[in-house]
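Peer 1: Show me the folded form of this:
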Amino acid sequence: MLLSCQFAWSQNPQIITIRKLYNEFQNNKSSSTQNKIDDFENSSEGGEITAYYLNDSIKMIETKYYGHMGKTYEEYYFDRGKLYFVFSQDFQYNAPPTEEEYKDNETVVSANRKYFWNQDLIRWIGPDGTELDSSSTEYMAEESFLVKYANSLLKKF
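Peer 2: The predicted structure is shown next:
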């Protein structure tokens, strides 16, 4: 069943378009210009936000936030000022990096992939590779939060 579901998504025209936009940016990222700002308001250990521009248009905003016991890394992708994809990683340390007990190889990393179409979250792949239920309250809350947050990031640049 999972294989047929994955096949159905791979044939979905919206997902195909999102992947095409993502790949176009990745192929041209090296020729992008960047604008980086520090963000100490949203993290106990600091953070930074970097906007990537192609042809004077923001195509991706990257956020990095550092904490005592971990860090978060997120990429927000835009086309014509609209969010279409979010990739996020959460790193949980076994101990603070300044402590002797800290071991880099014991860091637990979880990743999420969220696909948007016309500002609507249409697919969310969680850390274990499975799709989250689009009718759940968590799904709907995440959709609302991410669209608002992505728009607030755009306004910073």
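Peer 1: Could you point out the helix or strand that follows the lowest-mean-pLDDT helix or strand in the chain?
Peer 2: In the chain, no helix or strand scores lower on mean pLDDT, DSSP states H and E than helix 2-10, which sits at a mean of 51. Proceeding N to C from helix 2-10, the next assigned helix or strand is helix 13-28, under DSSP states H and E.
Peer 1: Name the residues of that next one that are buried.
Peer 2: Neighbour-count burial for helix 13-28 flags 14-15, 18, 21-22, 25 (criterion: 16 or more other C-beta atoms under 10 Å). For glycine as for every other residue, the C-beta is placed from the backbone atoms N, C-alpha and C.
Peer 1: Any chance of the residues you listed in a markdown table with distance to E74 as columns?
Peer 2: As requested, the buried residues of helix 13-28 are exported to a markdown table (distance: C-beta to C-beta, whole Å):
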| residue | distance to E74 |
| --- | --- |
| Q14 | 21 |
| I15 | 20 |
| I18 | 17 |
| L21 | 17 |
| Y22 | 14 |
| F25 | 15 |
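Peer 1: farthest pair in the residues you listed?
Peer 2: Q14 and F25 (17.0 Å; C-beta to C-beta).
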